[in-house]
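Q: Sequence plus the predicted model coming up.
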Protein chains: 2
Amino acid sequence: MRSSHVPDIVVGRLPLYLRALNHMQAEGNEITSSQELGERLGISSAQIRKDLSQFGEFGKQGTGYNIGYLSDQLRSILKVDRVWDVVLVGVGDLGRALANYAGFLDRGFRIYSIFDSDPKKIGKRAGDFTIQDAAELRKAIQADDIQVAMLAVPSDQAQAAADALVEAGIRAILCYAPTSITTPASVRVEYIDPVLHLQHMTYHVV
Amino acid sequence: MRSSHVPDIVVGRLPLYLRALNHMQAEGNEITSSQELGERLGISSAQIRKDLSQFGEFGKQGTGYNIGYLSDQLRSILKVDRVWDVVLVGVGDLGRALANYAGFLDRGFRIYSIFDSDPKKIGKRAGDFTIQDAAELRKAIQADDIQVAMLAVPSDQAQAAADALVEAGIRAILCYAPTSITTPASVRVEYIDPVLHLQHMTYHVV
DNA sequence: TAGATTGTTAATCGATTAACAATC
DNA sequence: TAGATTGTTAATCGATTAACAATC
């Protein structure tokens, strides 16, 4: 395994490759090539080979890649060859949908506990979870050494909630609030805001 | 307004600028600078000025940008100075959350009607909507000339649903299914898959 | 062997940044 | 006017692609 420093844009494509490989495997295939993978994803085969070569040599000349083997390697590189426990903060409609979502577990993540600050919600159920008091966030995160959080609170509460997560030792936050939040450089944040995508697309629609 | 061809990566940042400007305006500010905007977003001021210069001259030397004016210009460029009607296909937990989401309207989008193919759901309510039969998709889209869709069906139904949308004349699809779908080049697709973000972040977490 | 596909190099292409004249 | 910030140019930086020797 090479690396040293791999460009972040390359790392960001690995989950995409992994997802496609999983689909191929589910279709019963054993072998694929950079070309086939590229066609499925709309990415050039050269780019896929170059990206993978940052981490090692996973293919065979003349043959291609063994899907199971390459999946395993990518899971290991991305550190999803284990299951990460995740806390969910904010149990509105979206938080509830996330709490019920069955697609996390087999891709390396499991919602471990869920929190809200609304007294009317605390103690109620959502999916398989009992909603806990957001004031207990720190204690819960530290007791179970949780490193990853999903943030689904309203925009005006996002920064305060993120501060609490950082304070508690969280290392990665997936933020669903449509706002930018500030964290120390050691805490990674990624964002999901559907409206950004919609607005990007309408630019192109005549 | 210049353009001719603006790099897509630049277009993709405009919604981010617009969102930040709206926050600034909500905070009661009237004027901002490329530097202030950049700090808020973690983007260099030079990049912001360069991006904006692709579309015109919106600032004043020595002063900066009028927030209201720049917002208006960006909304016009992104074509969200109007409201786009959107169809939602797939009313599971996520679809339901989207149907209830109040944050679309003031950013240029309105869910107009929602569809599912499950006979048990058709006719039932979700938020302010009555769930319609996905078999009626084409008729509904064409009758009301809808151009934008959100797709929240399971992965194994995503391609078929997308095909139906394309067939009906949809021009932009926001796909929540964790899979790549294929459409003609004239139909734009963007994806939201939270697990891709989580896996990207765990690479960096020690 | 002949055909296919990798991993890698070098060339190309595109995006970001630094710097500054223009000017409010 | 003096100070500040734009819009733009040129330089830098980084990412993608094309091409091919290696080899399965």
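A: Arrived safely.
Q: What backbone torsions are found at residue A:150?
A: Phi and psi for residue A:150, reported as degrees, to the nearest 10, are phi -110, psi 130.
Q: quick one: low-confidence parts of chain A?
A: A:1-4 (pLDDT under 70).
Q: For it, list the residue farthest from the centre, please.
A: Largest separation from the mean C-alpha position in chain A: residue A:62, at 33.7 Å (Cα atoms, centre = their mean).
Q: Shouldn't that one be within a strand?
A: No. Going by DSSP: H, G, I helix; E, B strand; the rest coil, the assignment for residue A:62 is coil, not a strand.
Q: For it, give me its contacts.
A: Residues counted as contacts of residue A:62 (Cβ atoms under 8 Å, 6 or more residues apart in numbering or on different chains): none. Where you see a C-beta, it was placed from the backbone N, CA and C, and this is true even at glycine.
Q: how much space between it and DNA strand D?
A: Here residue A:62 is placed at a distance of 2 Å from DNA strand D (Cβ to the nearest atom of the strand, to the nearest Å).
Q: go on, residue A:22?
A: Applying Cβ to the nearest atom of the strand to residue A:22 and DNA strand D gives a distance of 22 Å.
Q: longest helix of chain A?
A: In chain A, assigned by DSSP state H, the helix with the most residues is helix A:8-26.
Q: and residue A:193, how many neighbours?
A: Using other Cβ atoms under 10 Å in any protein chain shown, residue A:193 has 21 other residues around it.
Q: does the residue nearest to it when sequence neighbours are not counted count as helix, strand or coil?
A: Once flanking residues are discounted, residue A:193 sits nearest to residue A:178: 4.4 Å by Cβ to Cβ, 6 or more residues apart in numbering or on different chains. Using three-state DSSP, the structure places residue A:178 in coil.
Q: check contacts around residue A:178.
A: A:155, A:193, A:195, A:196, B:19, B:103 are the contacts of residue A:178 under Cβ under 8 Å, 6+ apart.
Q: cool, residue A:122 as well?
A: Neighbouring residues of residue A:122 by Cβ under 8 Å, 6+ apart: A:116, A:131, A:132, A:133.
Q: Next, it: phi, psi?
A: Residue torsions, per degrees, to the nearest 10, at residue A:122 are phi -60, psi 130.
Q: From residue B:94, how far out is residue A:124?
A: Going from residue A:124 to residue B:94 by Cβ to Cβ, to the nearest Å gives 20 Å.
Q: okay if I get the contacts of residue A:122 as JSON lines plus secondary structure and neighbour count?
A: Shown next, in JSON lines, are the contacts of residue A:122 (DSSP: H, G, I helix; E, B strand; the rest coil; neighbours: other Cβ atoms under 10 Å in any protein chain shown):
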{"residue": "A:116", "secondary structure": "strand", "neighbour count": "22"}
{"residue": "A:131", "secondary structure": "coil", "neighbour count": "22"}
{"residue": "A:132", "secondary structure": "strand", "neighbour count": "20"}
{"residue": "A:133", "secondary structure": "strand", "neighbour count": "16"}
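Q: Can you tell me which of those is nearest DNA strand D?
A: residue A:116 (38.7 Å; Cβ to the nearest atom of the strand).
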